[in-house]
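Visitor: Build me a model from this:
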Amino acid sequence: MKRVIGRRGRGADPVEAPGEDQVETARADRVEVHGTVRRGARTTGTAVGAGLGGVLALGLGFALALGAFSVTAPRFGGIEDLPLPGGADLGSHPYTVSAELDDVLSLVPQAAVKVNDVAVGRVTEIRLDGDDWSARVTMEINGDVRLPADATARLEQSSLLGEKYVQLSAPAEPAAGRLADGAVIPLVRTGRNTEVEEVFGALSLLLNGGGVNQLKTITQELNKALGGREPEVRSMLRRVEKLVGNLDDHRGDITDALDAVNRLSSTLAGRKDDVRTVLTDLSPGLKTLHEQRGSLLTMLRSLDTLSGVAVSTVEASKDDMVADLKAIAPTLKALADAGTDLPDSLQVLLTYPFTDEVLNGVKGDYLNVYLTMTAAPGTQIIPPLVPRSTPSPSASPQRGRDSASGKRSGAGARGGATPSAPLPLPSVSTPPGNGDAQR
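Guide: Numbers count the residues shown, from 1 in each chain. Now for the predicted structure:
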């Protein structure tokens, strides 16, 4: 049912008042803002009251949750204390390890801690160590991860512009034991990678203030030096290649030489006091040499003159010297052929006049002697025996006296037996000037 309320103006269409159906629809639309309730103006206040009650209940629950959190957690430092989603699993029994770093760069709490690029923990705290002005990074690590006691820590970056993390690793020869709870990795076992800013800074120094501008000059000079000398350069490169090959073949010898030098250096380091003493004692000697520098120079000049004289002398007498050496060759050969005869003779010569064999001949109060005599050719040492009945040849007075004395001595010794006359001795001529011409 439509009702006409009035006109807006002259010539205007009449304004129709909304009917009951339209009013009901508008009321229902307004009620649906607060919730789904039955249609009607009487239900609008109830829906609004229910919405306010839900908001109050939600606020009360949030307050209770905050109260419970404040009871269980003694300290809440902010959102950074909340664990990041997708982080490392610390397990039920994590342990804490600290590391000392010179510079933590842009490392932040909750950063990852990795072993072999696998996340095993997170950074919980970064603070300044007041002892040596280094940063101390505290980390929590999964209790199932076992690291050696001398593990190292290194600050690395996940990518060129990625986040920083702490990389834990074991040395090449790990020590016994494991990294325990509360252990501290000292500054000597920590480090960091080179930053991109540092690389760009060094590159800028090279490009701006380095020798890049001189490359053109270097290239031009090389072209001038090598132009037209290609065969010589090629030959030099071949020789260099051969040299490098020889060095490669003697790697073992070079290594042994370096090891020997290393051992020598170690020995000298161990005898540092002795070396210092030698150098200290050497100073007076060097001072003396410095004082006698003039005499030494004079001696060296004299040696130069002497060497010239010696060279001229040798050149003048080299033919005679060569002839003498050739002449002495047979003598040297005879000495070589003699073998051990000469040394044995020298041993006998040292015992002259009584050799060692004399001791074998002495038996108490007498001496056994073997006499070997060599007479001149044609000399008769013992003449033929003369019978007793035949008188001896004309005897000289000296022989008669010898016979008489022999008889007397024989008679006294053998009871009067008359021995035969002694055999005549051969006449031996003596050289003139010895007193007797002939005996």
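
Visitor: okay, CA-based contacts and neighbour counts for the rest of this
Guide: Noted.

Visitor: Quick check: residue 226 touching residue 233?
Guide: Yes: between residue 226 and residue 233 there is a contact under CA atoms under 8 Å: 7.3 Å.

Visitor: Give me the three-state assignment for residue 317.
Guide: When classified by DSSP: H, G, I helix; E, B strand; the rest coil, residue 317 comes out as helix.

Visitor: Revised request: answer the last question for residue 122.
Guide: Under the three-state scheme (three-state DSSP), residue 122 adopts strand.

Visitor: number of nearby residues for residue 226?
Guide: Residues within reach of residue 226, counting by other CA atoms under 10 Å, total 13.

Visitor: Need phi/psi at it.
Guide: Comment: the main-chain dihedrals of residue 226 come out as phi -100, psi -10, following degrees, to the nearest 10.

Visitor: show me the contacts for it.
Guide: With contacts defined as CA atoms under 8 Å, 6 or more residues apart in numbering, the neighbours of residue 226 are residue 233.

Visitor: now it: how far from residue 240?
Guide: Computed with CA to CA, to the nearest Å, the distance linking residue 226 and residue 240 is 16 Å.

Visitor: where does the chain dip in pLDDT?
Guide: 1-86, 131, 209-212, 383-439 (pLDDT under 70).

Visitor: Would you mind giving the domain segments of it?
Guide: In the assignment given by automatic domain parsing, the structural domains of the chain cover 1-6+18-76, 81-199, 302-363.

Visitor: deepest of those domains, which one?
Guide: Mean neighbours per residue, mean count of other CA atoms under 10 Å, is largest over the domains of the chain for domain 81-199, with a mean of 16.

Visitor: tell me the SS of residue 137?
Guide: Assignment for residue 137 (three-state DSSP): strand.

Visitor: What of residue 113?
Guide: Three-state secondary structure (criterion: three-state DSSP) places residue 113 in strand.

Visitor: hang on, isn't it packed against residue 137?
Guide: No: proximity of residue 113 to residue 137 does not meet the contact threshold set by CA under 8 Å, at 10.9 Å.

Visitor: Overlap of the contact sets of the two?
Guide: With contacts defined as CA under 8 Å, 6+ apart, the residues adjacent to both residue 113 and residue 137 are residue 123.

Visitor: how about the strands of the stretch 301-439 of the chain, start to end?
Guide: In the stretch 301-439 of the chain, the strands defined using DSSP state E, counting those that start in this stretch lie at 362-363, 366-367.

Visitor: just so I know, which of those lies nearest residue 144?
Guide: Proximity to residue 144 (CA to CA) singles out strand 362-363 among those, at 101.9 Å.

Visitor: Check whether residue 191 really touches residue 153, as I assumed.
Guide: Yes: judged on CA under 8 Å, residue 191 makes contact with residue 153 at a distance of 6.7 Å.

Visitor: Remind me which helix or strand residue 96 belongs to.
Guide: When elements are defined using DSSP states H and E, residue 96 is found to belong to strand 95-101.

Visitor: Show me what that strand is packed against.
Guide: For strand 95-101, the contact count by 3 or more CA pairs under 8 Å, 6 or more residues apart in numbering; DSSP states H and E identifies strand 134-141, strand 183-185, strand 190-192 as packing neighbours.

Visitor: Please convert those to a markdown table, extending it with distance to residue 376.
Guide: Putting the helices and strands packed on strand 95-101 into a markdown table (distance: least, CA to CA, whole Å) gives the following:
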| stretch | distance to residue 376 |
| --- | --- |
| strand 134-141 | 116 |
| strand 183-185 | 111 |
| strand 190-192 | 109 |
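
Visitor: out of these, which comes closest to residue 268?
Guide: Nearest to residue 268 among those is strand 190-192; the distance by CA to CA comes to 33.4 Å.

Visitor: Which strands and helices lie in contact with that closest one?
Guide: Counting by 3+ CA pairs under 8 Å, 6+ apart, the packing neighbours recorded for strand 190-192 are strand 95-101, strand 152-157.

Visitor: if we can go back for a sec, between strand 152-157 and the strand holding residue 96, find me the angle.
Guide: For the pair strand 95-101 and strand 152-157, the angle between their directions (axes from the mean of the first three to the mean of the last three CA atoms, to 10 degrees) equals 70 degrees.

Visitor: hmm, who's touching strand 95-101?
Guide: Contact partners of strand 95-101, identified using CA under 8 Å, 6+ apart, comprise 134-143, 153, 180-187, 190-191.

Visitor: That strand vs strand 134-141, what angle?
Guide: Using the same axes, to 10 degrees, the inter-axis angle of strand 95-101 relative to strand 134-141 is 150 degrees.

Visitor: quick one: strands adjacent to strand 95-101?
Guide: Strand pairing for strand 95-101, determined by DSSP bridges: strand 134-141 (antiparallel), strand 183-185 (parallel).

Visitor: Alpha carbons only: can I get that strand in CSV?
Guide: The C-alpha atoms that make up strand 95-101 are tabulated as CSV, following Å, rounded to 0.1, in the frame of the first residue of the first chain:
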residue,chain,number,x,y,z
TYR,A,95,73.0,-26.9,25.6
THR,A,96,74.5,-23.4,25.6
VAL,A,97,77.9,-22.4,23.9
SER,A,98,79.5,-19.0,23.7
ALA,A,99,82.0,-17.7,21.1
GLU,A,100,84.2,-14.7,21.1
LEU,A,101,84.3,-12.6,17.9
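
Visitor: sorry, back to before: okay if I get the strands of the stretch 301-439 of the chain as TSV plus distance to residue 221?
Guide: Below are the strands of the stretch 301-439 of the chain laid out as TSV (distance: least, CA to CA, whole Å):
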stretch	distance to residue 221
strand 362-363	101
strand 366-367	104
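
Visitor: Among those, which comes closest to residue 204?
Guide: Counting by CA to CA, and looking across all of those, nearest comes strand 362-363 at 108.6 Å.

Visitor: Each with direction, which strands does that closest one pair with?
Guide: strand 366-367 (antiparallel).

Visitor: All the helices of this protein, residue numbers only.
Guide: Read by DSSP state H, the chain holds these helices, from start to end of the chain: 20-31, 44-72, 196-209, 215-226, 230-249, 251-270, 272-291, 293-338, 341-349, 358-361, 397-414.

Visitor: now these as a markdown table including distance to residue 171?
Guide: Output for these, formatted as a markdown table (distance: least, CA to CA, whole Å):
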| stretch | distance to residue 171 |
| --- | --- |
| helix 20-31 | 73 |
| helix 44-72 | 41 |
| helix 196-209 | 26 |
| helix 215-226 | 42 |
| helix 230-249 | 31 |
| helix 251-270 | 25 |
| helix 272-291 | 33 |
| helix 293-338 | 60 |
| helix 341-349 | 71 |
| helix 358-361 | 83 |
| helix 397-414 | 117 |
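
Visitor: Ok, which of those helices comes nearest residue 377?
Guide: Judging these by CA to CA, what sits closest to residue 377 is helix 397-414, at 26.9 Å.
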